[in-house]
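Chemist: Kindly return the folded structure for what I paste below:
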Amino acid sequence: MRFFSGFTLFALALAVLPAHSAEPLPAAGWTNLPAWRGFNLLNKFMLPWNNGPFSESDFQFIAAHGFNFVRLPMDYRTYIAGGDWELFSESALAEIDQAVSWGGQHGVHVCLNLHRIPGWTVATPAEPKSLWTDPDAQRVAARHWSMFASRYRGIPNDRLSFNLLNEPPEIAPATYSNVVALLAAAIRAEDPGRLIICDGLGYATRPVPELIPLEVAQATRGYTPFGLTHYRASWVAGSDTWPTPTWPGSLVNGYLYGPQKPEFRSALRIEGPFPTDTSLRIRVLQVSARSLLTAKAGTMTVTNKLFVPGPGTGEWKEVIFAPQWNIYQNLYDRDYTMTIPAGAPWVTLENTDGDWMTFAEIGLTPAGGAEAVISAGSRDWGVRQSITVSWRPQADPAVSYSAAQDAAWLWRQTLQPWLDLRARGVGVMVGEWGSHSATPHAVTLAWMRDMLNNFENVGLGWALWNLDGSFGPVNSGRPEVIYETYQGRRLDRAMFDLLREYTGRREAYWRWQERVLPAGLPEPLRQPTADAAGDGIVNFARYALALPVGPVPLGGLPRLVGPFDDAQGRQVELHYRHSLREVGTGFRVLTSDDLATWREVLEPGRIVEVTPDYETKAVRVPADSQFGFVRLELAAPPW
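Modeler: Model prediction:
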């Protein structure tokens with residue numbers, strides 16, 4: 001019996017890095033935050049259902065795969081004693097101490113955040129006193145931060161930072177600045193140099209230049225567009241009625257603001273002409289207090305439909321009372337139709353009386369034709385209708401838009417204001433971002449890549465919400481994903497590998513060839529299928545197998561080991577190296593008896609060697625025929 005091996009470019013798979021030695025963390029200061037890459041860990045996120053110790057395995061897992069940052073959003077009720085917000089539980093604080101210590105041991109920056117701080121939370125129930133106006137809540141909140149500052153005094157800023165509170169609402173900048181000044185003073189009385197990060201206003205979406213004199217960095221969010229990132233999120237009322245997200249997506253905003261919101265009020269305009277009578281259907285979702293939906297065909301009013309939500313039964317599907325404003329914001333989730341007469345040059349839909357209302361989609365059906373749908377792709381608050389929707393019933397598609405939600409739009413909407421702040425000498429990062437598990441997986445990944453590209457292009461640090469859960473790559477419960485079991489975790493491999501591409505430890509082929517291939521090498525010899533060393537090994541194989549450009553070390557190329565006899569009969573093992581820096585390469589092992597018909601080996605193999613740059617994998621294949629061949633195929637990602 002003789003076996004032969006070889007390798008070519010082909011197929012698909014990926015391995016991961018199981019071990020990591022701590023690397024130095026980058027310097028951090030309020031004027032220049034590093035390009036951190038990491039996750040929010042929710043172990044103490046909310047009493048009672050997220051209240052447990054942190055896990056060292058999370059820190060090991062994060063560090064081993066090239067990430068270097070965790071944010072710990074905490075509910076202060078998880079570390080106080082007996083429900084008294086002025087008494088601290090030493091046993092609970094010891095669990096936070098352990099997380100800070102693990103960060104230092106494993107090369108992971110730890111950012112402590114009071115997601116629920118005395119006097120403020122975005123969660124329910126609301127705090128009994130207001131941090132923005134109540135002196136007692138302010139005093140206690142300052143005491144909490146003073147305690148943490150004293151407890152962790154002297155830990156370098158490259159290892160530890162304080163994120164004062166989570167997502168302040170749209171309050172006056174002076175009010176916010178006064179609270180930040182109070183909390184920062186309490187911290188600096190104990191630890192003068194501690195790095196402090198403050199979320200922006202409007203739930204961390206708007207930079208706050210008024211904080212610059214306080215010498216604090218600032219953090220934003222990456223949840224735009226909200227209709228994509230929070231689609232069918234159980235904690236967002238009405239999100240189960242939203243249209244299925246797409247990416248790139250529609251820029252039509254799902255809000256129609258009335259005269260009570262003059263700064264946001266705008267009409268949605270659909271440009272015609274409308275050559276035939278056309279049925280217009282609008283699916284109304286939520287109505288706040290009162291709204292008058294006015295539809296016009298040109299200058300002619302077609303419909304004035306008044307919505308007044310209230311208690312009990314009515315046109316609505318669900319009664320929603322907002323006690324903080326003493327109004328009803330009921331969910332209707334029903335269609336309303338009207339006829340647009342032939343010859344109308346355009347149609348406008350506007351809220352002409354009241355507060356605000358939302359809609360999911362608009363359907364246009366010409367006489368004798370099929371319906372075309374205009375989806376409300378944006379669910380973001382405070383965004384005016386700003387694009388042109390065009391209706392051409394004879395065209396394909398019948399509906400077109402003057403602009404779309406895409407990477408450039410994300411840059412303008414989510415990054416540019418923060419880059420302007422950074423240009424004024426303020427460190428900036430993305431404290432939370434991600435997409436909930438109900439959003440289609442392919443849509444999530446496409447959106448995430450655009451977000452990550454934008455972050456990388458400007459060197460912006462980020463923390464995904466979360467590692468383990470519906471926004472993360474582990475145990476996320478996405479129905480389309482076939483999860484890989486890895487180190488006891490149900491891993492979304494596609495998402496995880498996408499995130500790893502942007503940690504700095506992984507490098508796409510073009511980054512590898514810039515680093516490894518000689519600078520003066522002609523461009524044709526730098527291509528993946530070229531052979532820069534002239535020894536028959538193409539550049540992409542060197543990249544995927546972690547081979548140098550030069551003499552190949554003993555054991556560097558794929559090789560056969562054996563034979564062995566086991567319960568399955570006679571076997572040989574194919575040993576091959578797999579670079580831990582490569583991005584997107586597929587590895588596949590095949591066997592043949594005649595070089596004509598090849599069969600894939602589905603046995604997963606085992607790791608027999610790990611180095612900082614590669615791991616060596618061993619895959620057993622049958623060796624019970626007189627002649628046999630083994631082939632390792634490498635699949636390059638599309639360039």
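Chemist: hey, where'd the strands end up in the stretch 501-639 of the chain?
Modeler: Listed from the start of the chain, the stretch 501-639 of the chain has strands (DSSP state E, counting those that start in this stretch) covering 559-566, 569-579, 586-592, 599-600, 606-610, 614-622, 627-635.
Chemist: a markdown table for those, including distance to R206, mean neighbour count and mean pLDDT?
Modeler: Heads up, the C-betas are built off the backbone N, CA and C, glycines and all. Shown next, in a markdown table, are the strands of the stretch 501-639 of the chain (distance: least, C-beta to C-beta, whole Å; neighbours: other C-beta atoms under 10 Å; pLDDT from 0 to 100):
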| stretch | distance to R206 | mean neighbour count | mean pLDDT |
| --- | --- | --- | --- |
| strand 559-566 | 59 | 13 | 88 |
| strand 569-579 | 42 | 19 | 90 |
| strand 586-592 | 43 | 20 | 88 |
| strand 599-600 | 53 | 12 | 90 |
| strand 606-610 | 46 | 13 | 90 |
| strand 614-622 | 45 | 20 | 91 |
| strand 627-635 | 44 | 19 | 86 |
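Chemist: Any idea which of those strands gets closest to T529?
Modeler: Evaluated with C-beta to C-beta, the strands of the stretch 501-639 of the chain place strand 627-635 nearest to T529, the distance being 11.3 Å.
Chemist: The closest one to strand 586-592, inter-axis angle?
Modeler: With axes from the mean of the first three to the mean of the last three C-alpha atoms, to 10 degrees as the basis, strand 627-635 and strand 586-592 are set at 160 degrees to each other.
Chemist: report the angle between the axes of strand 627-635 and strand 569-579?
Modeler: Here strand 627-635 runs at 30 degrees with respect to strand 569-579, directions being taken by the same axes, to 10 degrees.
Chemist: Parallel or antiparallel, which strands does strand 627-635 pair with?
Modeler: For strand 627-635, the pairing partners within the sheet under DSSP bridges are strand 2-9 (parallel), strand 586-592 (antiparallel).
Chemist: before we move on, the earlier item: turn the strands of the stretch 501-639 of the chain into a markdown table, including distance to E23.
Modeler: Conversion of the strands of the stretch 501-639 of the chain to a markdown table gives the following (distance: least, C-beta to C-beta, whole Å):
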| stretch | distance to E23 |
| --- | --- |
| strand 559-566 | 31 |
| strand 569-579 | 18 |
| strand 586-592 | 26 |
| strand 599-600 | 37 |
| strand 606-610 | 16 |
| strand 614-622 | 17 |
| strand 627-635 | 28 |
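Chemist: Of those, give the one that comes closest to Y76.
Modeler: strand 606-610 (41.3 Å).
Chemist: helices or strands up against that closest one?
Modeler: Counting by 3 or more C-beta pairs under 8 Å, 6 or more residues apart in numbering; DSSP states H and E, the packing neighbours recorded for strand 606-610 are strand 614-622.
Chemist: what sits up against the strand it packs on?
Modeler: Defining contact as C-beta atoms under 8 Å, 6 or more residues apart in numbering, one finds that strand 614-622 is touched by 15, 17-18, 545-546, 561, 564, 566, 568-580, 587, 589, 591, 601, 603-610, 628, 630.
Chemist: Paired strands for that strand, with orientation please.
Modeler: Strands that pair with strand 614-622, judged by DSSP bridges, come out as strand 569-579 (antiparallel), strand 606-610 (antiparallel).
Chemist: Distance to W85 added to these, as TSV?
Modeler: Output for the strands paired with strand 614-622, formatted as TSV (distance: least, C-beta to C-beta, whole Å):
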stretch	distance to W85
strand 569-579	52
strand 606-610	48
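Chemist: buried residues in stretch 201-213?
Modeler: The neighbour-count check on stretch 201-213 (16 or more other C-beta atoms under 10 Å) flags L201, G202, Y203, A204, T205, R206, P207, V208, L211, I212 as buried.
Chemist: What of stretch 50-69?
Modeler: By neighbour count on 16+ other C-beta under 10 Å, the buried set for stretch 50-69 is 50-51, 54, 58-69.
Chemist: how about those, which pair is most distant?
Modeler: With distance counted by C-beta to C-beta, no two of the buried residues of stretch 50-69 lie farther apart than N51 and G66, which are 29.6 Å apart.
Chemist: now the residue most central in space within the chain: how far from L228?
Modeler: Using C-alpha atoms, centre = their mean, the residue of the chain that lies closest to the mean C-alpha position is G434, 2.2 Å off. Using C-beta to C-beta, to the nearest Å, G434 is found at 11 Å from L228.
Chemist: now the helices: where do they sit in the stretch 351-500 of the chain?
Modeler: Under the criterion DSSP state H, counting those that start in this stretch, the stretch 351-500 of the chain contains helices at 407-410, 416-422, 441-458, 493-500.
Chemist: meant to ask about the stretch 1-150 of the chain
Modeler: Applying DSSP H, counting those that start in this stretch to the stretch 1-150 of the chain gives helices spanning 56-64, 90-106, 135-151.
Chemist: Let me know which of those helices is tucked in deepest.
Modeler: Compared across those, helix 56-64 shows the largest average neighbour count, a mean of 20 (mean count of other C-beta atoms under 10 Å).
Chemist: Averaged pLDDT, that one. What do you get?
Modeler: The pLDDT scores in helix 56-64 average 95.
Chemist: list the helices and strands that helix packs on?
Modeler: strand 69-75, helix 90-106.
Chemist: how about the nearest residue to L467 once chain neighbours are set aside, what does it touch?
Modeler: Taking C-beta to C-beta, 6 or more residues apart in numbering, and ignoring the residues beside it in sequence, L467 has F39 as its nearest neighbour in space, at 3.9 Å. Neighbouring residues of F39 by C-beta under 8 Å, 6+ apart: I62, F67, F69, V70, R71, A463, L464, W465, N466, L467, G472.
Chemist: Which single one of these is nearest to N330?
Modeler: Ranked by distance to N330 (C-beta to C-beta), those are led by W465 at 29.6 Å.
Chemist: wait, doesn't A360 sit right on T241?
Modeler: Yes. Here A360 lies in contact with T241, judged by C-beta atoms under 8 Å, at a distance of 5.8 Å.
Chemist: Number of residues surrounding the closest residue to P225 other than its chain neighbours?
Modeler: Take P225 and drop its neighbours on the chain: the residue closest to it by C-beta to C-beta, 6+ apart is S378, 4.9 Å away. The burial metric for S378, expressed as a neighbour count using other C-beta atoms under 10 Å, is 24.
Chemist: contacting residues for S378?
Modeler: With the criterion set at C-beta under 8 Å, 6+ apart, S378 makes contact with P225, F226, G227, G249, S250, L251, V252, N253, G254, Q405.
Chemist: ok so, going back, among the helices of the stretch 1-150 of the chain, which comes closest to R449?
Modeler: With C-beta to C-beta, the closest approach to R449 among these belongs to helix 56-64: 20.7 Å.
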